[in-house]
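*Asks:* Need a 3D model of the following:
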Amino acid sequence: MDYQQLIDTLSPEIYQSLKRSLEVGKWPDGKPLTGEQRRNTMAAIIAWGEKHLPEKERVGYIDKGHKAGGSCDDPE
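*Replies:* Alright, predicted model coming up:
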């Protein structure tokens, strides 16, 4: 099984579990993620999201739409 096939087999529940582990820095059993595990987990959630999530829900999405005006928008 190659990497992409592995990513394709992840369920939404596993994706959420990996995402939560990355957010808190530890596995569900309480063991901390190593640097390598952190990098691999991040790569997996990004790859899974690219395939299964709408663009606006993906990791790292930046909305480049219209912003609301404010005092910072006033030219001086």
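*Asks:* switch to C-alpha atoms for all contacts and neighbour counts from now on
*Replies:* Fine.
*Asks:* can you list the weak-confidence ranges in the chain?
*Replies:* With pLDDT under 70 as the threshold, the chain has low-confidence stretches at 66-76.
*Asks:* try 50
*Replies:* Nowhere does the chain drop to pLDDT under 50.
*Asks:* Quick check, central residue of it?
*Replies:* Nearest residue to the geometric centre of the chain (C-alpha atoms, centre = their mean): residue 59, 3.7 Å.
*Asks:* so the residue lying closest to that residue once chain neighbours are set aside is in which element?
*Replies:* With C-alpha to C-alpha, 6 or more residues apart in numbering as the criterion, residue 59 has its nearest non-adjacent residue at 6.1 Å, and that residue is residue 46. With elements taken from DSSP states H and E, the one containing residue 46 is helix 35-52.
*Asks:* For that helix, which outside residues touch it?
*Replies:* Residues external to helix 35-52 that are found in contact with it (C-alpha atoms under 8 Å, 6 or more residues apart in numbering): 7-8, 10, 15, 18-19, 22, 25, 57-59.
*Asks:* Can you pick out the most distant pair from those residues?
*Replies:* Of all pairs drawn from those, the one with the largest separation by C-alpha to C-alpha is 8 and 25; the distance is 23.8 Å.
*Asks:* one step back: the residue nearest to residue 59 and residue 9, how far apart?
*Replies:* In this structure, residue 46 and residue 9 are 14 Å apart, going by C-alpha to C-alpha, to the nearest Å.
*Asks:* Tell me which of the two has more neighbours.
*Replies:* Neighbour comparison, residue 46 and residue 9: the larger count goes to residue 46, with 18 against 10 (by other C-alpha atoms under 10 Å).
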